[in-house]
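# next come a sequence and a model predicted from it.
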Amino acid sequence: MKFSVLILSLIVLFTAAFTAEAATPVLPKGYVTWKKSDRKVVTDKSSPFYGIHYIYADKKAQSGYQADNHFPEGSRIVVEFFNIKDNPAVDGPKNMIVLMQKDKRQKATGGWLFAGFGTDGKSSGIDPVSTCFGCHQKDAAQRDFVISTKKDFPGK
Ligand code: HEC
C-alpha cells in the first residue's frame with residue numbers, strides 16, 4: 001500500500017515537472033518564412049488591436065485553415081504587432097509577438113498553448129488563461145479557437 005502511494009506521488013511529481021517544462025513557451029525560429037496573412041490595419045484607438053499586424057501560419061496550420069479551421073496537433077500560428085507612428089500605411093516599431101501552438105496537454109485553453117513575447121523574442125510570462133483564452137473562446141469556439149480564417153491569407 002505504502003509503496004503504491006510512493007509510486008503515485010512520484011508519478012504526480014514527474015508529470016507536474018514535465019508539464020511545466022513542456023509549457024515553457026519558445027518563439028519558433030524562422031516563422032517569418034511561413035505563410036503570411038494580408039496586412040491588417042486597425043485605426044480604432046479603442047481597439048486592443050490598434051496598430052498593424054500580420055499572421056504567420058506554419059505548414060500544419062495552413063492545412064488547418066484549408067480544412068475550415070480544424071487544426072492538426074503541432075500547428076503553429078504567430079502574430080506580429082506594430083505601432084502606427086504617423087502614417088498607417090507604414091509599419092511603426094514592432095511592439096509584441098504572440099503564439100498559438102496546438103498542444104493537447106493544454107486543456108484549460110482549448111488544447112492550444114497561448115504565449116506572448118517581447119520584441120526580443122523572450123517570453124513575456126503572461127497567464128494564458130486570464131490574458132488570452134477569453135476572446136478566443138468567445139469568438140471562435142466553433143472554429144478550434146482560431147479567430148482568423150483562410151480568407152485572411154493571400155491566395156485564400
Ligand atoms: C481582446 C480579445 C483578444 C485577446 C485578449 C487575445 N486575442 Fe488573440 N486574437 C484576437 C482576434 C480578434 C484575433 C484575429 C485577428 C485577425 O483576424 O486579424 C486574434 C488572433 C490571434 C492569433 C492568430 C490566430 C487566430 O486566432 O486568428 C494568435 C496566435 C493569437 N491571437 C494569440 C493570442 C495570445 C497569445 C493572447 C494572449 C497574450 C491573445 N491572443 C489574446 C483577439 C484576442
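Sure thing, it's come through.
# could you verify that residue 138 is part of a strand?
No. Assessed with DSSP: H, G, I helix; E, B strand; the rest coil, residue 138 is helix; it does not lie in a strand.
# how much space separates it from the ligand?
Noted for residue 138: a distance of 8 Å to the ligand, by CB to the nearest ligand atom, to the nearest Å. Just so you know, the C-beta spots here come from the backbone N, C-alpha and C atoms, and that holds for glycine as well.
# and the spatially most central residue of the chain, what element?
Nearest residue to the geometric centre of the chain (CA atoms, centre = their mean): residue 100, 1.9 Å. Using DSSP states H and E, residue 100 maps to strand 94-102.
# enumerate every residue touching the residue nearest to the centre of the chain.
By CB atoms under 8 Å, 6 or more residues apart in numbering, the residues touching residue 100 are 76, 77, 112, 113, 114, 136, 145, 146.
# out of those, which is most surrounded?
Per-residue neighbour counts (other CB atoms under 10 Å) across the contacts of residue 100 peak at residue 77, which has 25 neighbours.
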